[in-house]
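Participant: Structure for the following, please:
(chains A, B, C, D, E and F, ligands or ions: 12)
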Number of protein chains: 6
Amino acid sequence: DKDLYQDNDLAGVVTGLAWTSVGGEILFIETSLSRGKGGLTLSGQLGEVMKESAITALSYLKAHAERLGVDYRIFNHYDLHVHVPAGAVPKDGPSAGITMLTSMASIFTQRRVKPFIAMTGEITLRGKVLPVGGIKEKILAARRAGVKEIILCVKNRKDVEEVHADYIKDLSFHYVDTVDEVLAAALLPETVSNPMRFVFPEEKKEREESAGLTSVTVL
Amino acid sequence: DKDLYQDNDLAGVVTGLAWTSVGGEILFIETSLSRGKGGLTLSGQLGEVMKESAITALSYLKAHAERLGVDYRIFNHYDLHVHVPAGAVPKDGPSAGITMLTSMASIFTQRRVKPFIAMTGEITLRGKVLPVGGIKEKILAARRAGVKEIILCVKNRKDVEEVHADYIKDLSFHYVDTVDEVLAAALLPETVSNPMRFVFPEEKKEREESAGLTSVTVL
Amino acid sequence: DKDLYQDNDLAGVVTGLAWTSVGGEILFIETSLSRGKGGLTLSGQLGEVMKESAITALSYLKAHAERLGVDYRIFNHYDLHVHVPAGAVPKDGPSAGITMLTSMASIFTQRRVKPFIAMTGEITLRGKVLPVGGIKEKILAARRAGVKEIILCVKNRKDVEEVHADYIKDLSFHYVDTVDEVLAAALLPETVSNPMRFVFPEEKKEREESAGLTSVTVL
Amino acid sequence: DKDLYQDNDLAGVVTGLAWTSVGGEILFIETSLSRGKGGLTLSGQLGEVMKESAITALSYLKAHAERLGVDYRIFNHYDLHVHVPAGAVPKDGPSAGITMLTSMASIFTQRRVKPFIAMTGEITLRGKVLPVGGIKEKILAARRAGVKEIILCVKNRKDVEEVHADYIKDLSFHYVDTVDEVLAAALLPETVSNPMRFVFPEEKKEREESAGLTSVTVL
Amino acid sequence: DKDLYQDNDLAGVVTGLAWTSVGGEILFIETSLSRGKGGLTLSGQLGEVMKESAITALSYLKAHAERLGVDYRIFNHYDLHVHVPAGAVPKDGPSAGITMLTSMASIFTQRRVKPFIAMTGEITLRGKVLPVGGIKEKILAARRAGVKEIILCVKNRKDVEEVHADYIKDLSFHYVDTVDEVLAAALLPETVSNPMRFVFPEEKKEREESAGLTSVTVL
Amino acid sequence: DKDLYQDNDLAGVVTGLAWTSVGGEILFIETSLSRGKGGLTLSGQLGEVMKESAITALSYLKAHAERLGVDYRIFNHYDLHVHVPAGAVPKDGPSAGITMLTSMASIFTQRRVKPFIAMTGEITLRGKVLPVGGIKEKILAARRAGVKEIILCVKNRKDVEEVHADYIKDLSFHYVDTVDEVLAAALLPETVSNPMRFVFPEEKKEREESAGLTSVTVL
Ligand SMILES: [Ca+2]
Ligand SMILES: [Ca+2]
Ligand SMILES: [Ca+2]
Ligand SMILES: [Ca+2]
Ligand SMILES: [Ca+2]
Ligand SMILES: [Ca+2]
Ligand SMILES: [Ca+2]
Ligand SMILES: [Ca+2]
Ligand SMILES: [Ca+2]
Ligand SMILES: [Ca+2]
Ligand SMILES: [Ca+2]
Ligand SMILES: [Ca+2]
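Facilitator: Ligands and ions are numbered 1, 2, ... in the order given. Next up, the predicted model:
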């Protein structure tokens, strides 16, 4: 069933929590890298706010690449694609921010995502996590899906405390204030079992130039 | 008649199944490659969801080129065009995802498509196949067209089981969970009879740079 | 009168047949090449389906250049412009597909178009010709214009057979299934009297790189 | 008064005839060249048909540069701007085609435009001149403006013959079928008094590459 | 108060006269140059006609750079930004043409603008000045603002003569026909006190290539 | 609470004051730099006027880089992103101009922002500060948030003087006329504690070329 948690075998696949008019749902953020020149493709009928979240997540990772253990050359020599199934369902809002950022961090570092974890929260460019709505419905959906841990903004703690204890007794919560706390909670230190081997052209210059964000492909 | 299966002489031509307000139909996905620099052209009055499916299929093939036996240099030195006749009929939705991916895989590898096979299913960026609707109507259309094998998502098995046995007695079904299973079922190991010979400029650098997705031409 | 067939002195000018709400009409597809880098310009108030037909025709010619006798370097070092007079009349639909493809093939090869020939039919990317509508009206318009031969899809034969014999006694018909049959029927082996002499920059590399479709200019 | 013919001192300024809902008018097509890389800018609130006319005129001049005495390097090393005053008045339609083409030919060759001449007519990509409407009103406007010669399509001769002889006794008409006849009638063999001196970068390659139409700037 | 004339300390700041539904106003055209490659940015909620005026002004200055004392290399190695405060007020129309051209000429030459001067008039690409409306209201606004000299098209002289003598006794008028007369009246021969020092990369080629108008940034 | 002032540990985070239909609010402008080629990304559901303010702020900083202590190479070798949380809230208007400019100046120089300071005011391209509305509501919001100093245009002094003394007794005001006064009041001379270390490719040319504003990414 599409509402069930899926495994963590692949880098770049992270479970998010969404709110719809008929209740909470889990969703999967998927990212892939292919050789290129720093382009970004966004698909899955994402609305403008959600696309801005993705671009902001990428900017954060680029601005803090060294500290986060990301080889900067990946931004120059690979294209990043972020897709959110199901492809025909329009999606919008800022609450997938931390999920998209975690997905990108996983694909860039090839680190394995912690199993049975899900998350929801807005990010800002400086790396703060902002609270989001629909917490109760999202928790119920996470539980139905078999999720065991949930990452939320500290400012959403009060929303969790309003949920009946029976619904959350099997769940543990990470309340975070920053993106770095999200990554610490969500990514395991080890890589996935078949990590991608990045290849780079031989560098002639002592310090390589960066191409920056060369293109954004959205329809 | 346009509703009849056509032969598998050409790489890149794959039979899909579509659902319209007046019943099921077969459709053909056609792809071609011409020398270029990694551009993608989409035509046939495709809607945004269907165009996103095509872009996602291409990303999957690029991210997994080596494993799938695709020479990476093709992405750098050729342009890909995907067209879906009839040109004046608007088409949309995610269900041509596996058909477009199979068509691209065939043109990139020049492998022959299995004869009398058709398919329908959404793809995701990590290579999962998702179920789609209109299965009964699509099966009827496939049968009318002379199709003998149909590839579907495992989650669509229950929809097939609801179809009267008389309608499916001449058909065999492949129920798949991943894109790789689709390709294993749909592509023969041999190439088409007059395979395209790819030409590449002489490479000066030890490792060639990739241009990535250099342009997307849609109207 | 604008409804009269015109001569075949120029490469790239081909007579098509159109259907409008007030009957059939002939139209002229004009193409020109000027030195550039592989750009394509489309003008004449063409609708999206007709522009997609033009792009599909160009892809076909590029993918099959060698077999069709087109020097590939033209795609790299010239820009192609396709114009359909009259400039203020909106035009759309797929039925000019074979006419645009023939016009492009003529300008690329500088081969003379057969005199007194006209055509109508949709093309697909793999080179099939699909049937189109309005055949009776188009035949009447062709006859009024002085056309003597008409190229149609084999699937339009039944539409011709429904036209009163008096109207078609002076016309001969070519029923085709593929684009290659169109070109065999429509282009003479000889070039026009003052063929364009293509110039190319001196090539340094053993195998020249292709720029692909570098730009599409439409308004 | 804006409805008066102005002098022919400058290359690239040509008098056209327009039809509006309140009668005929003269208009001026102005072109300028500045060092660049082959860009085209169109301004003056031009509608899509009129912009397509300009692009078609430029393609004709590029495809026939050698025969028309235009140094091909100008297309590579200069940007062309076409402006039609007054800047706030929306303008559209194909009838300025021959005027825009003449203006461009004048700026590219620096040849002086014949004094007291005006024109109206559509162009096609192969260089034909097509008839246009509003001939009577345009003739009256030309006469009021002090114009002495008018270039028209031969197919507009019948429209002139319907105008009362008193109105046209001071005017002479050039009835043309092709763009080349327009240029022969409209451009003097001599250059303007202070012709622009074109400068080109030193060429290293034996045959210079062309950049083609590098950009079209319209708002 | 925003309706007061401001000083002429800075190159590129020129006072224009605008007409709004509630009377005349002064406005300031501001331009700046920063190192770049020939891009143009327009801001201040400018309408399409006003943006076309700016692009036309820039084309004029580029086509006549040598005569106007503008070092051509600035167009290649700097980006130009034109802004019209207040930023939230939509503005349109052609009447700021001469003001924008004067502002650009000032920033390119670093020449000081004459103090207490304002202007209004449309420009054309060949350098003519066309008359504009709202003259009476504009004069009243200029007077309130402390302006002492006004540049107008000669064809607007009749509009000034209709204004009551009391309102114009402290003002002097420059009636012009061409852009060159505007610049002669509006720019002082000296530079501003801290002129910008333009820097250019060392030139290897004998004649430098021009990049032309490389981009137009408008939102 | 999102309406509370936050610390000044990070370069590029500056507190602005906004007016909404339900009263005043504080907002945070965030900027980041990542290696690139001079691109600009704007996010946070910014309206066109607000985006034009950001572009104008960047132009000002580029035109005055040397005087403001900004290493010009940053504009060539880094991409700038400006984000305004919360990401789903549409924002527009010119009043964040000085806040965005201060944020950019801080990230480019890595200078620390003064603690407990907030600001509101429009900027112009020549560096003037213009008055804005909603001053009373903005002051109340700033006070609630714990802000101690506020930067305003001198022309907004009269609006402050109309606010009841009790509301402003804990606040000090900086009334400014120019952008330079804003920066003098808002930025401390020291850098933040972990300043970004800018890296540049080795320069071969004596004077480096600038790429200018290479792209603007907005959705
Ligand atoms: Ca569900
Ligand atoms: Ca969309
Ligand atoms: Ca059917
Ligand atoms: Ca479309
Ligand atoms: Ca007709
Ligand atoms: Ca159009
Ligand atoms: Ca008039
Ligand atoms: Ca427009
Ligand atoms: Ca006022
Ligand atoms: Ca706008
Ligand atoms: Ca609040
Ligand atoms: Ca938007």
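Participant: Pull the distance from the helix or strand of chain A with the lowest mean pLDDT to the chain's centre.
Facilitator: Lowest mean confidence among the helices and strands of chain A (mean pLDDT, DSSP states H and E): strand A:215-217, at a mean of 85. Relative to its chain's centre, strand A:215-217 lies at 19 Å (CA atoms, centre = their mean, to the nearest Å).
Participant: what about it, near chain E?
Facilitator: No - using CB under 8 Å from any CB of the partner chain, strand A:215-217 stays clear of chain E, with a minimum separation of 14.6 Å. C-beta here means a position set from N, CA and C on the backbone, and glycine is covered the same way.
Participant: What lies in contact with that strand?
Facilitator: A:38-42, A:55, B:55, B:212-213, B:216, F:217 (CB atoms under 8 Å, 6 or more residues apart in numbering or on different chains).
Participant: What residues of the helix or strand where A:Thr31 lies count as buried?
Facilitator: Assessed by DSSP states H and E, A:Thr31 sits inside strand A:23-35. For strand A:23-35, a neighbour-count test (16 or more other CB atoms under 10 Å in any protein chain shown) marks A:24-35 as buried.
Participant: So which of those residues would count as near chain B as well?
Facilitator: Checking those against chain B by CB under 8 Å from any CB, the ones in range are A:28, A:30-35.
Participant: Dump these to TSV, plus distance to chain E and pLDDT.
Facilitator: TSV is the format used below for these (distance: CB to the nearest CB, whole Å; pLDDT from 0 to 100):
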residue	distance to chain E	pLDDT
A:Phe28	34	97
A:Glu30	32	98
A:Thr31	29	98
A:Ser32	31	97
A:Leu33	29	97
A:Ser34	28	94
A:Arg35	27	93
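Participant: Columns distance to E:Ile117 on top of those residues, output as TSV?
Facilitator: TSV is the format used below for those (distance: CB to CB, whole Å):
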residue	distance to E:Ile117
A:Phe28	65
A:Glu30	62
A:Thr31	59
A:Ser32	61
A:Leu33	59
A:Ser34	59
A:Arg35	59
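Participant: Break down chain A into its strands, ranges please.
Facilitator: A:13-20, A:23-35, A:39-43, A:78-83, A:111-113, A:117-119, A:122-123, A:129-130, A:149-153, A:172-176, A:187-191, A:215-217 (DSSP state E).
Participant: Would you single out the least confident of these?
Facilitator: In terms of mean pLDDT, the lowest-scoring of the strands of chain A is strand A:215-217 (a mean of 85).
Participant: quick check: angle from the helix ranked longest in chain A to strand F:39-43?
Facilitator: Longest helix in chain A, counting residues (DSSP state H): helix A:48-63. Helix A:48-63 runs at 130 degrees relative to strand F:39-43, counting by axes from the mean of the first three to the mean of the last three CA atoms, to 10 degrees.
Participant: so where's chain A shaky on pLDDT?
Facilitator: Scanning chain A for pLDDT under 70 picks out A:1-2, A:203-208.
Participant: Going by proximity to ligand 5, name the top residue of it.
Facilitator: In chain A, the residue that lies nearest ligand 5 is A:Leu219 (39.2 Å; CB to the ion).
Participant: how about that residue, what does it touch?
Facilitator: A:Leu219 touches A:43, B:48, B:51-52, B:55, B:218, counting by CB under 8 Å, 6+ apart.
Participant: hmm, the longest helix of chain A in reach of chain F?
Facilitator: Yes - Helix A:48-63 reaches chain F (CB under 8 Å from any CB) through A:48-49, A:51-53, A:55-56, A:59-60, A:62-63.
Participant: Then stretch A:87-101?
Facilitator: Yes - for stretch A:87-101, a contact with chain F is found by CB under 8 Å from any CB, at A:93-94, A:97.
Participant: Would you mind measuring from A:Val113 to ligand 3?
Facilitator: For A:Val113, the distance to ligand 3 (CB to the ion, to the nearest Å) stands at 45 Å.
Participant: Compute the number of surrounding residues for A:Pro201.
Facilitator: 16 (other CB atoms under 10 Å in any protein chain shown).
Participant: Run through the residues that contact the residue in chain A that ligand 1 sits nearest to.
Facilitator: Using CB to the ion, the single residue of chain A nearest to ligand 1 is A:Asp3, 4.5 Å away. In this structure, A:Asp3 makes contact with A:25-26, A:141, A:144-145, judged by CB under 8 Å, 6+ apart.
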